[in-house]
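Student: The sequence isn't on hand, but the structure is:
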């Protein structure tokens, strides 16, 4: 009997560990950080790339573990989150806290090996996500603005890891991912509106699935598109973009903007989900285009 149960238990432990650290989200964050590094690197150092990947994963894992400890009672109320390890009772708060603490120390230490400035931004990200964004989610829709700050740090973090400097280039990368997060998270907040309501979360700017929220979603999508093509004009220092790449990035932006207008017209959960998926496609392809353009230019 025990021989049968042990593999099942081991699988459950691994699954819970992946859930508490949100491994899929962590992978997307690491992807952004690596893209930022490749854009900033004069010479690509693979040791730095590996440190950045692990440091990024630890950073996101720590933030998510703390988040799930703080919100365990609210997570238990929502269908989307009630089966997470802590609210479901498969993992104790103490165990989750140990994981979060180890990941915090490991993340900051790993990023510090790259350079102290990278570690500082990593620490700021964990602090803002855990101590400011998470408590604000049940208080005000402005939580999304606060949450967009740590969410925008990874793309910028990669450049800082490469250059050990903060200037117009990482600032532009930060602004791009900062504004992108509003249509992305408002789309999620729209199609999960009823579930979020059970937990008392206020994610949409007007608090409702209405025209006001849809209009703001369009506005922030437009801002994202405009920022994405700024490097074409040679005003962002060493962060440059060719005209061809700029056109591709602009067309990718129009692809996302189309779904933002679809949300405005239809105001359905399906339209919101399509916008969310298009936003993920947009930011992923944009980062790939930016990196390829640098190396083929």
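Tutor: Received, thanks. The structure presented is a predicted model; accordingly, all values stated were derived computationally and were not measured. Residues are numbered from 1 along each chain as shown.

Student: so how many other residues sit close to the residue nearest to residue 203 when sequence neighbours are not counted?
Tutor: Taking Cβ to Cβ, 6 or more residues apart in numbering, and ignoring the residues beside it in sequence, residue 203 has residue 189 as its nearest neighbour in space, at 3.1 Å. C-beta: built from backbone N, CA, C; applies to glycine. For residue 189, the count of nearby residues is 23 (other Cβ atoms under 10 Å).

Student: residues contacting residue 189?
Tutor: Residues near residue 189 by Cβ atoms under 8 Å, 6 or more residues apart in numbering: 144, 196, 201, 203-204.

Student: how much space between it and residue 263?
Tutor: From residue 189 across to residue 263, the span is 12 Å (Cβ to Cβ, to the nearest Å).

Student: next one: residue 182
Tutor: Counting by Cβ to Cβ - residue 182 and residue 263 are separated by 13 Å.

Student: With residue 134 instead?
Tutor: 26 Å.

Student: same deal with residue 194?
Tutor: 17 Å.

Student: Between the two, point out the one with more neighbours.
Tutor: residue 263 (28 against 11).

Student: Could you check which helix or strand contains that one?
Tutor: Secondary structure from DSSP states H and E places residue 263 in helix 243-266.

Student: Give the residues shared as contacts by residue 182 and residue 263.
Tutor: What both residue 182 and residue 263 touch, as defined by Cβ under 8 Å, 6+ apart, is the set residue 217.

Student: hmm, back to that, in the helix holding residue 263, which residues are buried?
Tutor: By neighbour count with 16 or more other Cβ atoms under 10 Å, helix 243-266 contains the buried residues 245-246, 248-249, 252-253, 256-257, 259-260, 262-264.

Student: what does it contact?
Tutor: Residues outside helix 243-266 that contact it (Cβ under 8 Å, 6+ apart): 183, 187, 190, 211, 214-215, 217-218, 221-222, 224-225, 228-229, 231-232, 241, 271-272, 274-275, 278-279, 281-282, 285-286, 289-290, 292-293.

Student: Now the buried members of those.
Tutor: Buried by 16+ other Cβ under 10 Å: 183, 187, 190, 214, 217, 221, 224-225, 228-229, 231-232, 241, 271-272, 274-275, 278-279, 282, 286, 289-290, 293, out of the contacts of helix 243-266.

Student: Looking at those, which are in helices?
Tutor: Using DSSP state H, the subset of those located in helices is 183, 187, 190, 214, 217, 221, 224-225, 228-229, 271-272, 274-275, 278-279, 282, 286, 289-290, 293.
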